[in-house]
Every structure is written in structure tokens, then in C-alpha cells.
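[1] 3D, please:
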Amino acid sequence: MFKRFFFGILLLVSGIQAANAGLELVITEGIDSARPIAIIPFQWNGQGPAPRNLADVVASDLQRSGKFNPVSVNLMPQTPYEDKDINYNDWTAIGVDSLLTGKVSTNVNGDYIIEYKLVDIVRGQLTGGTAKGLSTDGQLVLTRDHLLLNNRKTIKQPDNKKLRRYGHRIADLVYEKLTGEKGAFSTRIAYVVINDKAKYPYQLRVADYDGFNEITVIRSNEPLMSPAWSPDGRKLAYVSFQNGQAEIFIMDVFTAKTEKITSFPRHNGAPRFSPNGDKLAIVLSKTGSLQIYVIDLKTRKMKQITKGRANNTEPFWDPSGNSLVFTSDRGGKPQIYRVDLADSSTQRITWQGRQNLGGQLTPDGRYLVSVQQSEAGYNIAKQDLSSGAVQILTSTILDESASLAPNGGMVIYSSMYGGRNVLSMVSIDGRFKARLPVTNGRVRAPAWSPFL
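    Numbering: from 1, shown residues only. Next up, the predicted model:
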């Protein structure tokens, strides 16, 4: 029953839009509690029609983080493009303490020149936009401490893809400057799409984290499962049935070179790269029940981590690489356990909920995120590993396949809404939730990439 249950978990799917289309964001909760911020539409000073506005990409990214609530353009008291033109009192009156403004122009080569500033409104209000300070030689000079960012970038041979990519980069810098945490907007997601009407029904696709710039990297007549990123973001481990049974492969996303890693009898599944990328945690059933192994990718030497008659699956490395969290039914119902790789000592982590599945640790090792079954159904849960306190992050129906952003700030997962499959996001504090409706195909197991 446990094997069938986990196989079913792997096959739960949600929709995805057609290639090269963006996922449509629908805010469902939490925007009112987020921090107001002003993202001024970038001014176009180039030749020809204006390109896609970078401000839209930045605002969308910051809103998705759950920590910021960009002010609508029609509610802005002004649209300044230089910090000297900012009326600080007008912005503080509507609760805005940070403002991003920028310009896009062209040079003689047709390249785009992007200039942008992130302004601390409160500091600018206090100093009037300038302040006096001491230079390195002790002279009194004017400073501009209210400018948190003041950057310039040249985009050669520009197109919408490059502009969107740099918009994500700007959002990363703004997020890090205002929160002290690294932004994760320049990342990607991988997922398996099933389209029964296609020539190759099973497709492994990769897209920007927001669903744009989607590409198909593998097409197959047989099921594909469990994509997992290498820590350098260059490779994907995955499970394929192309040879009539489950086998584990690793593919270089940039060269499309594919290498078979395991092909033992019965089940080969749930690959997960170690933090340094030199090992792979996998699940095999060659001894009967599901057991976790670690394989050295250079020497191909393999070590069995779990033993016994219980089923052990869904391994996930802790940030140090010294232990694995995994799901096991050794106590009757599936729960999350942790095994020390040095001495094989194992402890149970989850105690609340009828079942806990698919556990993974936040990058700081502070929280465990898993799928918890309770009377309400299957939902995404967060557990503080120090206190044991559990917070249910979602309330939708049948939430599955959770994957953490590399900064630990957001979780992407599959869920059901209105009788159909969708992708959803939730902030790690549970305050912000978004739904990403889709129209074409079915997707399973979204996997968030590392920082790129």
C-alpha cells in the first residue's frame, strides 16, 4: 500500500501553459499585509516603440515574494525619474518607504542602456535628498545615502528574453538590499508535462521561475519523473521509463548530454544531488522494500543508508550534507525521519498529522517543509526544528510536490482548485498565497533550481 501511495504521489499532476507563455498570477491571500513599495514605470528614451517595461517584471517578482505590495501606478502621487524630483512627503503619506525608478535608452549600436535607482524615502525625507559627511581626507562633502542602488547596465543585442532576465536581476538586487536576504527571481523551475494528444506525451520542461521562456529539454513516449537540479544549476537528475522500467539519468541542460546512473531491477527513483554535487541520494527496491542509497558520481561506489522491511523514500540532504531527511512507514503511517550519514543514527522528526511526506529543509536548516495529512486533507506544513512548532501554510485541496526556492522564502507546489490542477505558491511564513492558472497539459513535480 505504501509503495502504491508514493507512486500515486509522484503521478499527481497540475496544469502548465503552452511553451513560451507566462503563468498568470492570481493573488489569493496576503497582499494587504505586505510592505508597500513604489516601482515607477521605467522611462523609454530610445528609438522606435518602447520595449517591455522592466518595472512590470520587477513589481511582479517583488509581489510574488509575499514581502512587498507594489503601489498601483494610478495611485502614485508622482512618477519621478530622478531622485531630486521626488516629493518625499507625498510618498511617506501613503506609507511607502522605498522607491525604484529607472530609464531605458539606446546607444549608436542599438544596445539598451538601463539606469535605475532604489531610493530610501524615509532617509531622503530626513535629509532632503542630501546629507553632509566626511570624505576620506576629512573634508565635509555632500553624501547621497538615500540612494540604496544607483546602477547602469548595457544590454547588447537586446530582446524580450534578455530584458526579462535583467528585470529579474534588478528584483534580486532590490529584494536583497531591502531584506538582507538573497533574491531568487533569476532562478528556474523544471517540471514534467503530460499531454496525451502530443506525439511524445511526456516532456521534461524548464522555464524561468515565473513560467516565461519555457523550453522542452526531453520528449518521451514513456513516463518521466522526479526532476532534481544539481547545485550548479547545470544538470538535472530524473527518472525515465524509456527502457521499460524506472531508471535514473542525469542530463546536462546546456549540452543535452544524458548519462544513465542506475538501472537495477524493479524501482529506481527519487534522485537528489548532495549540496556539493558529487553524490546522489536515490531510492532502490532491489532488496524488496524501498531503501535509500547514496552513490558517488565519480567512483560509482554505492552505500546503502536505510535497511529493514520498512519502506524508506524521498531523501533530501540537509544543507551541510551530513544527514538526510526522508519519509518512512517504519512507525506504521508515513512520517519524516532524519539519518546521520556518519553513524547511521536515525530520529523521527514529525509527530503531528496523520502522515507527513516529501520533507525538505530550508537552506538555513531551521525549518522542515512537508506535505501533511490531517482531517483537512493534504496541505503544505512548516515545522520549526528547534521548538517542534508546526504551521499549516496552505488550505487548498490536495496539495502535493512542494519545492523550496533556494533562498527558502517561497514554496511552489501542485494543488487542486475549481476541479482542476494548478500550480500554486506560498510564502514560507504562510501570509502570501498565489495561484498560477494554466490551460494546456498536466504538470507534476515542480523543482525549483538553485541560485543561477
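
[2] So what does Leu62 look like in phi/psi?
    With angles defined as degrees, to the nearest 10, Leu62 sits at phi -60, psi -40.

[3] In terms of pLDDT, where does it sit?
    According to the model's per-residue confidence, Leu62 sits at a pLDDT of 93.

[4] got it, and Lys433?
    You'll see Lys433 listed with a pLDDT of 85.

[5] right, and it touches Ser424 too?
    Yes. Here Lys433 lies in contact with Ser424, judged by Cβ atoms under 8 Å, at a distance of 6.9 Å. The way it works is simple: take the backbone N, C-alpha and C, and place the C-beta from them, glycine included.

[6] neighbour-wise, which of those two wins?
    It is Ser424, of Lys433 and Ser424, that has more neighbours when counted by other Cβ atoms under 10 Å, with 25 against 20.

[7] Pairing partners for the nearest residue to Phe42 once chain neighbours are set aside in the sheet, please.
    Excluding its sequence neighbours, the residue lying closest to Phe42 (Cβ to Cβ, 6 or more residues apart in numbering) is Gly102, at 4.4 Å. With DSSP bridges as the criterion, the beta-bridge partners of Gly102 are Tyr116.

[8] Now the common contact residues for Lys433 and Ser424.
    With Cβ atoms under 8 Å, 6 or more residues apart in numbering applied, the overlap between the contact sets of Lys433 and Ser424 consists of Thr394.

[9] And for Phe264, nearest residue in space, chain neighbours not counted?
    Closest residue to Phe264 apart from its sequence neighbours, by Cβ to Cβ, 6+ apart: Lys286 at 4.5 Å.

[10] How about Asp232?
    Spatially, and ignoring its direct neighbours in sequence, Asp232 is nearest to Gly277 (6.3 Å; Cβ to Cβ, 6+ apart).

[11] same check, this time on Gln78
    Using Cβ to Cβ, 6+ apart and skipping the chain neighbours, the partner closest in space to Gln78 is Asn87 (5.9 Å).

[12] pLDDT at that neighbour, what is it?
    The model's pLDDT for Asn87 equals 96.

[13] For the stretch 51-200 of the chain, which segments are assigned as helices?
    All helices of the stretch 51-200 of the chain, identified by DSSP state H, counting those that start in this stretch, fall at 54-64, 88-93, 121-127, 160-179.

[14] Include distance to Lys298 and mean neighbour count when you put those into JSON lines, please.
    Supplementary listing: the helices of the stretch 51-200 of the chain in JSON lines, determined by distance: least, Cβ to Cβ, whole Å; neighbours: other Cβ atoms under 10 Å:
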{"stretch": "helix 54-64", "distance to Lys298": "37", "mean neighbour count": "24"}
{"stretch": "helix 88-93", "distance to Lys298": "56", "mean neighbour count": "16"}
{"stretch": "helix 121-127", "distance to Lys298": "52", "mean neighbour count": "18"}
{"stretch": "helix 160-179", "distance to Lys298": "33", "mean neighbour count": "19"}
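
[15] what's the closest of the ones you listed to Ser226?
    Between Ser226 and those, the shortest separation by Cβ to Cβ is 25.0 Å, and it involves helix 54-64.

[16] what's the distance between the residue nearest to Gln78 and Ile336?
    Distance, Asn87 to Ile336, using Cβ to Cβ, to the nearest Å: 53 Å.

[17] More neighbours: which of the two?
    A count of neighbours by other Cβ under 10 Å puts Ile336 above the other of Asn87 and Ile336, at 26 against 13.

[18] any idea which element that one lies in?
    According to DSSP states H and E, Ile336 maps onto strand 335-340.

[19] Could you list the residues in contact with that strand?
    292, 305-306, 312, 318, 322-330, 345-351, 355-357, 359, 368, 370.

[20] how far away is Trp317 from Val411?
    Summarising the geometry, the distance separating Trp317 from Val411, computed by Cβ to Cβ, is 17 Å.

[21] Quick one: residues contacting Glu176.
    Residues in contact with Glu176, defined by Cβ under 8 Å, 6+ apart, are 182-183.

[22] follow-up on the earlier one: buried only: go through the contacts of strand 335-340 for me.
    The neighbour-count test (16 or more other Cβ atoms under 10 Å) marks 292, 305-306, 312, 318, 323-329, 346, 349-350, 355-357, 359, 368, 370 as buried among the contacts of strand 335-340.

[23] Show me where the stretch 1-150 of the chain dips below the pLDDT cut-off.
    For the stretch 1-150 of the chain, applying pLDDT under 70 flags the ranges 1-33, 128-143.

[24] 90 instead?
    Along the stretch 1-150 of the chain, the model assigns pLDDT under 90 to residues 1-34, 46-53, 63-67, 125-145.

[25] what does the stretch 151-300 of the chain give?
    Residues of the stretch 151-300 of the chain meeting the criterion pLDDT under 90: 157-160, 191-198, 207, 209-214, 287.

[26] Wasn't Leu357 part of a helix?
    No. Going by DSSP: H, G, I helix; E, B strand; the rest coil, the assignment for Leu357 is strand, not a helix.

[27] dump the residue contacts of the residue nearest to it when sequence neighbours are not counted.
    With sequence-adjacent residues excluded and distances taken as Cβ to Cβ, 6+ apart, Leu357 is closest to Val371, at 4.6 Å. Applying Cβ under 8 Å, 6+ apart, one finds that Val371 lies in contact with 9, 356-358, 378-381, 399-400, 402.
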